[in-house]
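In: Build me a structure from this.
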Amino acid sequence: MNRLRTLASALTMSLVAGCAGTAPAPAPLSVYAAGSLRAAMTDLARAFERQGGAPVRLTFGASGLLKDRIEAGEPAQVFASANMTHPEALRAAGKADAVVAFTRNALCLLARPGFSLQGKSLAQRLLDADVRVGTSTPRADPSGDYAFQMFERIESTGAAAAGSAAALKAKALQLTGGPNSPPPPAGRNVYGMLVAEGQADVFVTYCTNATQARREVATLQVLPVPDAINVSATYGIANVRPSTASARAFVDFVLGTKGQAILRGYGFSAP
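Out: Here you go, the predicted model:
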C-alpha cells in the first residue's frame, strides 16, 4: 500500500511539473490588410512571430471591402488599410482604436511591352482613344480612388484640357478591387497578369505593385508619374475593438524600427 501511495504521489508530481513547464500557445492574431501589402505584411508577420509574437493569420483584399467585412462583424483584430479613410470610419463607428499612419506609397504606370508615349506627355497619351487605361475600383479599393484623384490633378494642373478628368474617369477600366472583381491569382501579381494578358495597355497602380509585377514579367514597363499629378497614398493601421495585447504588440512592431525597415525593403516610404 505504501508503495502504491509513493508511485501515485510521484506520478502526480510529474504531471504537475509537466503542466507547469508548458505554457499555453498564444491565440492566433487576425490581421486584415490591403492587397498591396501582401508581400510586405507577410514578412512583417513572420518577423513578429520570430521575436515571440502571436501567430498571425493574414487576410488580404481591397481596403474598402475589408472595412465593410469588419463592420459586418468579421473577427479582425488589426486593420491595415491603404488609406486613412476606411480605418477612420471604423474608429468613428466605435469599432476601432485611434488610427496611425504607418507607411506611404505613390502611383506609377504599369505598361505593356512596346507601349510608348509617342513623344507626348503622360497625361496626353492617356487621353488617346487607342490607349486602354486600367484602374482598381474607386470607393472599394483606395488604389482606384487615388487613380481618379490623379485624373483630377491632370486637369487642375493644366496638364490636359478642361474635361480631361471626366474623360479619363469614363474610359478607365475598373478591373480589380471591386465586389464582383475576379479574385487575384494565387502567387501572382494581379496587375502584371492583367497587363501581360492584354486587358489594359497601362494600369494606374501603386509603384510597389508595378515594381513587383515587373519582377514577375520582365517585359512589362514601369513608367513614373510626374510629381505634379502624382498622389501620395498614406496607409493607416488600427486595432479593432475590443483591442488585445497581441494586436497592440503587432501594431507597435509595424511602427517600430524593424517593421519600418521591412516596409522600406518593399519600396514603401516613411509615413
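In: buried ones in stretch 60-72?
Out: Across stretch 60-72, burial judged by 16 or more other CB atoms under 10 Å covers Phe60, Gly61, Ala62, Ser63, Gly64, Leu65, Leu66, Lys67, Asp68, Arg69, Ile70. The C-beta positions use only the backbone N, C-alpha and C, and glycine is treated the same way.
In: how far is the helix or strand hosting the first one from where the chain is centred?
Out: Read it as Phe60. Using DSSP states H and E, Phe60 falls within strand 56-61. How far strand 56-61 lies from its chain's middle: 10 Å, per CA atoms, centre = their mean, to the nearest Å.
In: Give me the contact list for it.
Out: Residues from elsewhere that reach strand 56-61, judged by CB atoms under 8 Å, 6 or more residues apart in numbering: 28-35, 37-38, 41-42, 45-46, 48-49, 66, 69, 76, 250.
In: Out of those residues, which end up buried?
Out: If we count by 16+ other CB under 10 Å, the contacts of strand 56-61 have these buried: 29-35, 37-38, 41, 45, 48, 66, 69, 76, 250.
In: Now, those residues that are in helices?
Out: Arg38, Met41, Ala45, Phe48, Leu66, Arg69, Phe250 (DSSP state H).
In: Was I right to think Thr219 contacts Phe115?
Out: No - the criterion here is CB atoms under 8 Å, and Thr219 misses it with Phe115 at 10.7 Å.
In: So which of those two has more stuff around it?
Out: Remark: of Thr219 and Phe115, Phe115 carries more neighbours, 17 against 9, as counted by other CB atoms under 10 Å.
In: Look at that one and give its secondary structure.
Out: coil (DSSP: H, G, I helix; E, B strand; the rest coil).
In: I'd say it and Val202 touch.
Out: Yes - counting by CB under 8 Å, Phe115 does reach Val202; the two are 6.4 Å apart.
In: ok so, going back, which two among the buried ones among the contacts of strand 56-61 are spaced furthest apart?
Out: Phe48 and Arg69 (22.6 Å; CB to CB).
In: residues touching Gly53, list them.
Out: Contacts of Gly53 by CB under 8 Å, 6+ apart are Pro26, Leu29, Ser246, Ala249, Phe250, Phe253.
In: run the last query once more with 7 Å
Out: Ser246, Ala249, Phe250, Phe253 (CB atoms under 7 Å, 6 or more residues apart in numbering).
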